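Novice: Can you look at this prediction? I've put the sequence above it.
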Amino acid sequence: MRIFFYGIGRFYQKRRETLFSLRQGDTFLGFIDKRAAECRTFDGAHVYLPEEALQEVFDAIVVTNASFCEIKNELRQQGVAEEKILIYKAYLAIKGAVERREYGEFGNLQGKKILLAMPSLGYHGGAIALVHAALALQGKGYRVTLISETIDKRLLREIVKYPIKVIDISTIRYVSVAQLAFLQAYDIIVANVFPMVRFAIRAAHWRPVLWWLHECQDVYPEILDEFTETKDDRLFSHLRIAAVSKRAQANFEHYYPGRVDTILPYCLPNRGQDFRNEPHESVTFAIIGGVCKRKAQDVFLQAVALLPQQLREKAEFRIIGSSDGEDAYSAAVREAAAKEPRVRFCGVLNRVEMREAFRTIDVVVCASREECLPTTMAEGMMYRKICIATDASGMDDVIKSGENGFVVPVEDAEALAGCMAGIIEQPERYADMRAAARRTYEEYFTPKIFAARLKAELEKTVKSWKEGPCG
């Protein structure tokens with residue numbers, strides 16, 4: 001191939017050795033960079049301005065820059081064909097540079113082999129939902145393998161304590177159908193989250209695929225822009241599609257009307273039966289999740305600021321999750337928190353640390369501008385906590401406000417503050433609500449209930465795949 005690399009900055013430099021090695025098998029034309037006027041030679045090759053490079057004859061432009069979609073759009077506007085613009089991982093896959101690492105063992109399990117696939121395994125909602133699904137399935141005797149492009153090492157250590165395998169393939173969403181031939185070793189595949197769209201389509205050439213969706217609205221545009229060929233929903237004819245909630249279904253069907261086959265909520269391992277709260281003086285509120293605009297930590301802090309001083313002094317407010325982002329929103333949240341002495345950042349907690357944190361948490365707050373079914377709410381209910389969620393949280397079918405939790409309008413700091421104030425003033429009034437929250441967990445989110453639902457959906461998936469395209 002006659003190729004360019006687009007970008008000579010930090011992204012390229014972190015991958016320089018790999019890219020330098022791979023380009024040896026191609027006709028390397030040089031680099032493209034908007035700073036070419038300042039740097040005409042780099043790593044032994046010419047650096048072109050974009051408009052200069054497009055005058056040359058080439059087969060592909062490999063985007064060696066983190067802003068792939070932005071650069072892709074610019075190149076398309078300048079007349080470059082879609083198929084000639086490659087993301088870094090797609091180039092690795094084309095060159096066969098597909099690294100594979102395997103961890104864990106099945107032990108004595110002899111059941112069907114199931115592959116659960118996701119872009120990133122870490123301490124975030126979709127990934128934790130998939131890990132809990134894996135635990136529920138292996139508990140029923142299935143031989144479960146998790147596959148992902150990136151894996152948090154701490155979470156990996158937790159997973160391999162169980163008879164579950166984990167495979168790390170950094171290019172799993174970009175490999176060809178032929179490169180996925182290893183999927184024949186499995187009986188069925190669960191592709192988790194919308195960003196797995198291309199993998200789900202290609203995997204269905206080899207084995208039955210259940211595609212499980214969790215996404216909020218803001219995820220779709222960038223993924224559709226990256227995998228433009230997947231805008232044609234006829235490619236889904238071999239898939240069965242499940243959504244974690246009605247909100248997740250609505251978000252998907254905004255782009256692909258009528259395509260969701262079933263609603264499949266997640267599960268959480270039952271760790272609340274013998275759970276004991278530790279005595280503490282303050283009423284402790286926690287908002288859980290990495291600091292970002294969608295999670296609305298800013299609204300949470302506005303509500304804290306609206307509380308009367310005497311009530312704030314009787315409470316503690318925790319922000320649990322990553323909070324060190326360099327973006328303007330993260331900086332604004334840190335600045336607002338610094339003004340409130342009762343607010344504390346707790347950082348990212350693993351599952352063991354999170355369980356310990358729940359011993360001194362009284363109220364779990366989901367202030368999000370949008371969620372589809374937040375695991376933090378289900379976890380709070382499991383531990384008999386008071387849960388406050390916005391009406392954009394996807395908990396519509398789960399929380400009955402005033403009975404097993406509270407629902408407040410999205411972006412309404414005053415309503416949230418009012419709800420928090422009532423709890424601080426009379427925390428002893430909510431014993432019945434805590435008990436109702438626990439019953440809700442048992443009704444919706446136990447592994448036993450989930451495993452039965454998932455088994456039924458997998459059987460339907462196998463049946464429909466064998467029968468052929470259904471739409």
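Specialist: Thanks, I have the structure now.
Novice: And the residue nearest the centre of this structure?
Specialist: Centroid-nearest residue in the chain, with CA atoms, centre = their mean: residue 126, separated by 4.3 Å.
Novice: Is it in contact with residue 214, as I believe?
Specialist: Yes - between residue 126 and residue 214 there is a contact at 4.7 Å, judged by CB atoms under 8 Å. Using the backbone N, CA and C atoms, a C-beta is placed for each residue, glycine as well.
Novice: Pull up the overlap in contacts between these two.
Specialist: Shared contacts of residue 126 and residue 214 (CB atoms under 8 Å, 6 or more residues apart in numbering): 192-193.
Novice: Could you look up the SS state of the residue nearest to the centre of the chain?
Specialist: Of the three states, residue 126 takes helix under DSSP: H, G, I helix; E, B strand; the rest coil.
Novice: So it versus residue 177, what's the distance?
Specialist: Using CB to CB, to the nearest Å, residue 126 is found at 25 Å from residue 177.
Novice: Please apply the same query to residue 87.
Specialist: Relative to residue 177, residue 87 is positioned 18 Å away (CB to CB).
Novice: So these two - more neighbours on which side?
Specialist: Neighbours per residue (other CB atoms under 10 Å) separate residue 87 from residue 177, with residue 87 holding more: 21 against 13.
Novice: quick one: pLDDT of the closest residue to the more buried one other than its chain neighbours?
Specialist: Counting by CB to CB, 6 or more residues apart in numbering, residue 87 lies nearest to residue 68, which is 5.0 Å off, once chain neighbours are set aside. For residue 68, the model assigns a pLDDT of 94.
Novice: Residue 68 and residue 102: what is the separation?
Specialist: Distance, residue 68 to residue 102, using CB to CB: 28 Å.
Novice: Look at those two and report which has more neighbours.
Specialist: Neighbours per residue (other CB under 10 Å) separate residue 68 from residue 102, with residue 68 holding more: 22 against 12.
Novice: That one is in contact with residue 226, isn't it?
Specialist: Yes - proximity of residue 68 to residue 226 meets the contact threshold set by CB under 8 Å, at 6.7 Å.
Novice: quick one: common contacting residues for these two?
Specialist: Common neighbours of residue 68 and residue 226 (CB under 8 Å, 6+ apart) are residue 87.
Novice: Please give me every residue in contact with residue 280.
Specialist: Contacts for residue 280 (CB under 8 Å, 6+ apart) come out as residue 360.
Novice: what are the ranges of the strands in the stretch 51-200 of the chain?
Specialist: For the stretch 51-200 of the chain, the strands defined by DSSP state E, counting those that start in this stretch occupy 60-63, 85-87, 100-103, 113-121, 143-151, 165-169, 188-192.
Novice: how does the protein divide up, domain by domain?
Specialist: Per automatic domain parsing, the domain ranges recorded for the chain read 2-94, 100-263, 283-445.
Novice: Indicate which one of the ones you listed is closest to residue 460.
Specialist: Residue 460 sits nearest to domain 100-263 of all these, at 6.4 Å, using CB to CB.
Novice: So for that closest one, first residue to last residue, what's the gap.
Specialist: End-to-end distance for domain 100-263: 33 Å, by CA to CA, to the nearest Å.
Novice: And the average pLDDT for it is what?
Specialist: 95.
Novice: next one: that domain to chain centre, how far?
Specialist: Domain 100-263 has its C-alpha centroid displaced from the chain centroid by 11 Å (CA atoms, centre = their mean, to the nearest Å).
Novice: and what of stretch 443-462?
Specialist: Taking mean C-alpha positions (CA atoms, centre = their mean), stretch 443-462 and its chain are 21 Å apart.
Novice: which residues in the stretch 51-200 of the chain form helices?
Specialist: Assigned by DSSP state H, counting those that start in this stretch, the helices in the stretch 51-200 of the chain fall at 68-77, 88-94, 125-139, 153-159, 197-203.
Novice: what is residue 315 paired to in the beta sheet?
Specialist: According to DSSP bridges, the partner residues bridging residue 315 are residue 283.
Novice: quick one: contacts for it?
Specialist: Contacts of residue 315 by CB under 8 Å, 6+ apart are 282-285, 307, 342, 420, 424.
Novice: Distance of it relative to residue 276?
Specialist: 21 Å.
Novice: for residue 249, same thing?
Specialist: Applying CB to CB to residue 249 and residue 276 gives a distance of 38 Å.
Novice: more crowded one of those two?
Specialist: residue 249 (20 against 6).
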